[in-house]
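Engineer: Have a look at this prediction, sequence included:
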Amino acid sequence: MFSGALNYMKGLVGTNENLQVEESGDNKGDIEPEQRKGLLKQLSSYVGKDITSLISLPVWIFEPVSFLQVMSEPLQYSALLSKASKQDSEFLCLAYLAAFNCALYSTAVRTRKPFNPILGETFEIVDKKGEFRFLAEQVSHHPPIGVSETISEDYTLQLETLLKSKFYGNSSEVEIEGTNHFINKKTDHHYTWNHLVTCCHNIIIGSLWLDHYGDLVIENHTTGSKAVLKFGKSGWLGAGRYGVTGEIMDCEGDVRYRISGKWNESIQLFQVMDNGSSSTTSTCLWEASKEPINNKFLFPRWVEENVIDLDDEYKKILPITDSRLRPDRIALEEGNLDLAAKEKHNLEEKQREDKRQRVAENKEWETAQFKKVDDAKFGYRWNYTGKYWEEREERVNSVSK
C-alpha cells in the first residue's frame with residue numbers, strides 16, 4: 001500500500017532508458033547530468049499532470065512484486081494491530097494504531113517500482129503462525145484501485161489505495177486516496193484513517209530523497225475519540241525531517257495522550273496530566289527494526305518469507321490470478337530481464353484486448369471478491385462478498401489427497 005507509492009515515486013527516474021541499474025538492487029544507479037537532461041526533456045510534457053498511468057516504464061527498473069503484494073507489507077507490523085485490539089482503553093488502542101501507521105514508513109528503503117496489478121489480479125497471505133489471513137484484489141484499472149481485507153481473531157482491517165501522482169519538474173508527488181477501516185472485535189469499535197502525501201525530490205538534479213507529510217487522522221466512529229498525527233514536512237537542509245507529533249483526544253476534544261518521535265526510529269507515548277502537561281516518563285510504542293537486509297532487491301526477511309514465497313506445492317493451491325504467479329514477476333526475480341519484458345508486454349496487451357472485447361460487447365468489468373456498496377456513514381465501502389477462502393480450502397483438500 002504505502003511503500004508501493006514510495007517505490008512508484010523513485011521508479012519514475014527509470015523513464016530514461018540510458019540509466020544503469022545495479023543488479024544488486026541497491027541505490028548505486030545514479031543518473032549522470034547528461035542523462036538527467038534527457039530525462040527532463042522526456043518528462044517535460046507531463047509537468048503538473050497525473051502520471052500514474054501515463055508512462056510505460058522499462059522492466060529493469062521494477063522489483064519482482066506487484067502493488068498488491070506491496071499492499072500486504074504493513075502486516076509485518078501486525079503485532080501492533082493485535083496490541084491495539086487487546087487494549088481495554090480506547091485511547092491506548094488509538095495509540096497503537098498510530099504506531100502502526102508510523103511504522104509503515106520506516107521500511108521505505110527500496111528504490112525500484114512494483115508492477116502495476118492486472119485488473120482482477122489477487123494476492124493472498126495466510127500467516128504461517130495462524131494469526132491472520134490477507135486477501136487483495138485489483139478492482140479497477142483506470143483509475144488504479146486495490147482493496148484488501150485482513151481477518152484475525154482480534155480485528156478486521158480493510159485497506160483501499162487509489163494512487164494519484166503529479167510531476168513538477170525536479171520533484172513528483174503522490175497522493176493516495178481511499179479510507180482504511182479497522183474493526184476491533186473485542187470492543188466492536190470502528191476506526192478509520194486516511195493517507196499521507198509522499199514527495200520524491202531531486203528527480204533531475206541532486207540526490208533522490210523522499211518526504212512524507214501531512215495530517216493523519218485516526219477516528220473512533222463508535223465513541224468519537226481520535227488521534228491526530230502530524231508528519232512534518234522537511235524544511236531547509238532537512239530540518240524537521242522524519243518528525244511525528246500527535247495528540248489523542250476524547251469525544252469532548254480533551255487531550256489524553258501525546259505522541260512524538262520519528263517514523264524512521266521510534267514512537268513514544270506520553271500521558272497528559274491534570275494540569276495539561278505531559279508526563280515526564282513515556283512508553284515506547286514502537287521501535288524500528290535493526291535487522292540487516294541482505295536480499296538483492298532489498299526485501300526484508302518478512303517479505304521473503306510471506307510475500308514472494310513460492311514453491312511447487314504452493315503453486316497447486318494458488319489461483320491463477322495470484323500475483324506470485326505473474327510470469328513477468330517470476331522472470332525478473334530469476335534475473336531474466338528479456339523474458340520479463342516480454343511477459344510484461346504480453347500481460348498488458350491481453351489486458352487491453354480484454355477491455356476492447358468488453359467495450360464491443362457493452363459489458364462492464366465485474367469484480368470477483370470485493371463489491372463496492374453504498375454506505376450511509378462513509379459514502380461507500382468495499383465489502384468482501386466472494387468465495388475465495390472456500391475455493392482455496394477445496395484446492396488445499398484436493399492437493400492433500
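Structural biologist: Received, thanks.

Engineer: Below-threshold pLDDT in the stretch 1-150 of the chain: ranges please.
Structural biologist: Along the stretch 1-150 of the chain, the model assigns pLDDT under 70 to residues 1-57, 108-109, 111.

Engineer: would you list every one of the strands in it?
Structural biologist: Assigned by DSSP state E, counting those that start in this stretch, the strands in the stretch 1-150 of the chain fall at 62-66, 113-115, 122-126, 132-140, 145-152.

Engineer: Quick check: neighbours of the fourth one in the sheet, parallel or antiparallel?
Structural biologist: Meaning strand 132-140. Applying DSSP bridges, strand 132-140 is found paired with strand 122-126 (antiparallel), strand 145-152 (antiparallel).

Engineer: got JSON lines for these, with distance to Leu68 and mean neighbour count too?
Structural biologist: Any C-beta I mention is one placed from the backbone N, CA and C, and that applies to glycine too. Below are the strands paired with strand 132-140 laid out as JSON lines (distance: least, Cβ to Cβ, whole Å; neighbours: other Cβ atoms under 10 Å):
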{"stretch": "strand 122-126", "distance to Leu68": "4", "mean neighbour count": "21"}
{"stretch": "strand 145-152", "distance to Leu68": "6", "mean neighbour count": "23"}
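
Engineer: Tell me what the closest residue to Ser78 other than its chain neighbours is bridged to.
Structural biologist: Nearest residue to Ser78, sequence neighbours excluded (Cβ to Cβ, 6 or more residues apart in numbering): Phe132, at 5.9 Å. When bridges are called by DSSP bridges, Phe132 pairs up with Ser152.

Engineer: Relative to Thr321, which of the strands of the stretch 1-150 of the chain is closest?
Structural biologist: Closest approach to Thr321 among the strands of the stretch 1-150 of the chain (Cβ to Cβ): strand 122-126, 4.5 Å.

Engineer: what about dumping the CA coordinates of that closest one to CSV?
Structural biologist: C-alpha atoms of strand 122-126 as CSV (Å, rounded to 0.1, in the frame of the first residue of the first chain):
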residue,chain,number,x,y,z
THR,A,122,-5.4,-11.2,-6.5
PHE,A,123,-2.9,-11.8,-3.7
GLU,A,124,-3.2,-13.8,-0.5
ILE,A,125,-1.2,-14.3,2.6
VAL,A,126,-2.1,-17.0,5.1
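
Engineer: so how many other residues sit close to the closest residue in space to Met273 that isn't next to it in sequence?
Structural biologist: Leaving aside its chain neighbours, Met273 sits nearest to Ser279 (6.2 Å; criterion: Cβ to Cβ, 6+ apart). Neighbour count of Ser279, defined by other Cβ atoms under 10 Å: 13.

Engineer: What separation is there between Ser279 and Val228?
Structural biologist: Distance of Ser279 to Val228, computed by Cβ to Cβ, to the nearest Å: 19 Å.
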